[in-house]
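Asker: A predicted structure for the sequence below; I have some questions about it.
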Amino acid sequence: MTSTRIRSADAVTAAAAGRPAAAGRPAAAEPGLSATVSGSLAAALRRSAEIERRIGEEPRSFRVLTGDRPTGDLHLGHYFGTLRNRVRLQEAGAELYVLVADYQVLTDRDAAGALGEHVLGLVLDYLAAGIDPARATIFAHSAVPELNQLLLPFLSLVSTGELGRNPTVKDEIAHARQRSPVGAVAPTDPRGMSEGKTCISSMRPVSGLMFSYPVHQAADILSCKGNLVPVGQDQLPHLEVTRLVARRFNERYPGAGGPVFPSPDALLSEAPLLLGTDGGKMSKSRGNAIALRATADETARLIRGAKTDAQRRISYDPVTRPEVSSLVLLAALCLDRDPAAVADQVGDGGAAALKRTVTEAVNERLAPLRTRRAELAADPGYARQVLREGCARARAVAVATLEEVRDAMGTRY
Ligand code: TRP
């Protein structure tokens, strides 16, 4: 899912304390996208701390929109990074919309492939983690035509230059290219297709959808008028695109009843940095992640194979001992304890003892979630039913939004 994330809520609060409070919205003169992105982290940190306070006071004034690409099982990084935060916001009383971003999967993959299976798996992961379909709306891109229709007017509001400068899109394009093997067939290359032969390329072509997906994400958020988007740091540039689109739309098409779109805020949420079992970024596609739905035995096997170092004494020092510290942190998160205390307790037990502690902690923490997931999965119709109902709810909201858009644009015939 995401890469660089803000380390802890403390960082949010500290940054907020160290700087003067934001003096409202930027002035009327419209800053370009790159200017807003560079100033956005500090501003988002300040704003997040302020929003956390407001969530406590008036949770119902927030409509939260978050989502995931259905590319495989959610893992521990997702759980401690975003899932439990979503459940927290739901429990606090905010209105929660969770998007299964199925069209976004096609940004860097040629075919929908196992999409259907992944979509239902994702819904099961959500439900097992505590997202409550009676209060939250779980929906999919492909089921809400009105959301996708918003993409067209929205695309007219951003320049290709602005899209090309988005740092996260640039990163993802670079990453997708690295992943594609040399000599790989590039079936999406339009030249190859029109000439009726396959185009051999060492580079994967960048699809138009990849290039424009932050605008699609603006449609996700604005179709249901979400005003709060919990994000990792890497998603901040996308949220700036959403804010830009909302602002430009409102300026260009002032609705009779006031601006059509809210300007959504980012909520930079607590997301501890958990590494994969190989010491790299935890990722579904690298085979280094512990899936939420993994069995206790699979979990034990994965952790047993995790990378550590040669020092016997276990300590918590993420800078000099990233792999060991990530394991310590994982145990600490599962046990709701301080990482340094967990490290001390393992002490001279070495990597083997650390791994036993981590395995036990993970399996114990996830046991209720796993049981619940298995129960829910036993009725294959259930997840589908939840998704259908969510899609219907999200669609009703998107229909109403599109009506307002039609009025504002004067395209009601
Ligand atoms: N791009 C997000 C990710 O991969 C998923 C996503 C799609 C999303 N639409 C969104 C997140 C809207 C927040 C808001 O993590």
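Answerer: Sure, I can see it.

Asker: so which residue of the stretch 101-250 of the chain comes closest to the ligand?
Answerer: residue 101 (3.7 Å; C-beta to the nearest ligand atom). Every C-beta, even on glycine, is put in place using the N, C-alpha and C of the backbone.

Asker: quick check: that residue touching residue 141?
Answerer: Yes: using C-beta atoms under 8 Å, residue 101 is in contact with residue 141, at 5.8 Å.

Asker: mutual contacts of these two, please.
Answerer: Residues touching both residue 101 and residue 141 (C-beta atoms under 8 Å, 6 or more residues apart in numbering): residue 220.

Asker: for residue 109, grab the count of nearby residues.
Answerer: Residue 109 has 15 neighbouring residues, counting by other C-beta atoms under 10 Å.

Asker: what pLDDT does it get?
Answerer: Here, the pLDDT recorded for residue 109 equals 76.

Asker: tell me the contacts of it?
Answerer: Counting by C-beta under 8 Å, 6+ apart, residue 109 has contacts residue 71.

Asker: give the helix, strand or coil label for it.
Answerer: Under DSSP: H, G, I helix; E, B strand; the rest coil, residue 109 falls in the coil class.

Asker: likewise residue 302?
Answerer: helix.

Asker: and it, how many neighbours?
Answerer: There are 20 residues near residue 302, going by other C-beta under 10 Å.

Asker: pretty sure it sits against residue 287.
Answerer: No: with contact defined as C-beta under 8 Å, residue 302 does not count as touching residue 287 (9.2 Å).

Asker: and the strands in the chain?
Answerer: Secondary structure of the chain (DSSP state E): strands located at 63-68, 95-100, 137-140, 228-231, 265-268.

Asker: packing partners of the lengthiest helix in the chain?
Answerer: For the chain, the helix with the greatest residue count under DSSP state H is helix 380-409. Judged by 3 or more C-beta pairs under 8 Å, 6 or more residues apart in numbering; DSSP states H and E, helix 380-409 is in contact with strand 95-100, helix 115-129, strand 137-140, helix 145-155, helix 208-223, helix 350-377.

Asker: just put those in TSV and tack on mean neighbour count and distance to residue 170.
Answerer: Listed next are the helices and strands packed on helix 380-409 as TSV, based on neighbours: other C-beta atoms under 10 Å; distance: least, C-beta to C-beta, whole Å:
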stretch	mean neighbour count	distance to residue 170
strand 95-100	24	23
helix 115-129	21	26
strand 137-140	25	27
helix 145-155	19	19
helix 208-223	23	10
helix 350-377	18	35
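
Asker: and the nearest residue to residue 59 once chain neighbours are set aside, how many neighbours?
Answerer: Excluding its sequence neighbours, the residue lying closest to residue 59 (C-beta to C-beta, 6 or more residues apart in numbering) is residue 93, at 3.4 Å. By other C-beta under 10 Å, the residues close to residue 93 number 15.

Asker: ok, residue 93 to the ligand distance?
Answerer: Look at residue 93 and the ligand: by C-beta to the nearest ligand atom, to the nearest Å, they are 20 Å apart.

Asker: I'd say residue 398 and residue 148 touch.
Answerer: No: Residue 398 is beyond contact range of residue 148, at 9.1 Å (criterion: C-beta under 8 Å).

Asker: coming back round to it: what angle separates the longest helix of the chain from strand 95-100?
Answerer: For helix 380-409 against strand 95-100, the angle by axes from the mean of the first three to the mean of the last three C-alpha atoms, to 10 degrees is 110 degrees.

Asker: please point out which parts of helix 380-409 sit buried.
Answerer: By neighbour count, with 16 or more other C-beta atoms under 10 Å as the criterion, the buried positions of helix 380-409 are 382-383, 386-387, 390-391, 393-395, 397-398, 401-402, 404-405, 408.

Asker: so how far is that helix off the chain centroid?
Answerer: Centre-to-centre, helix 380-409 and its host chain are 20 Å apart (C-alpha atoms, centre = their mean, to the nearest Å).

Asker: ok, whatever residue of the stretch 301-413 of the chain ends up closest to the ligand - contacts?
Answerer: Proximity of the stretch 301-413 of the chain to the ligand (C-beta to the nearest ligand atom) peaks at residue 394, 12.3 Å away. Residue 394 makes contact with 97, 137, 139, 143, 144, 147, 223, 224 under the criterion C-beta under 8 Å, 6+ apart.

Asker: so where's this structure shaky on pLDDT?
Answerer: Along the chain, the model assigns pLDDT under 70 to residues 1-40, 110-112, 179-203, 270.

Asker: buried set for stretch 258-266?
Answerer: 259, 260, 261, 262, 263, 264, 265, 266.

Asker: got the domain ranges for this protein?
Answerer: Following automatic domain parsing, the chain resolves into domains at 9-271+380-409, 284-377.

Asker: would you list the ones you listed in a markdown table and tack on distance to residue 277?
Answerer: Below are the domains of the chain laid out as a markdown table (distance: least, C-beta to C-beta, whole Å):
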| stretch | distance to residue 277 |
| --- | --- |
| domain 9-271+380-409 | 10 |
| domain 284-377 | 4 |
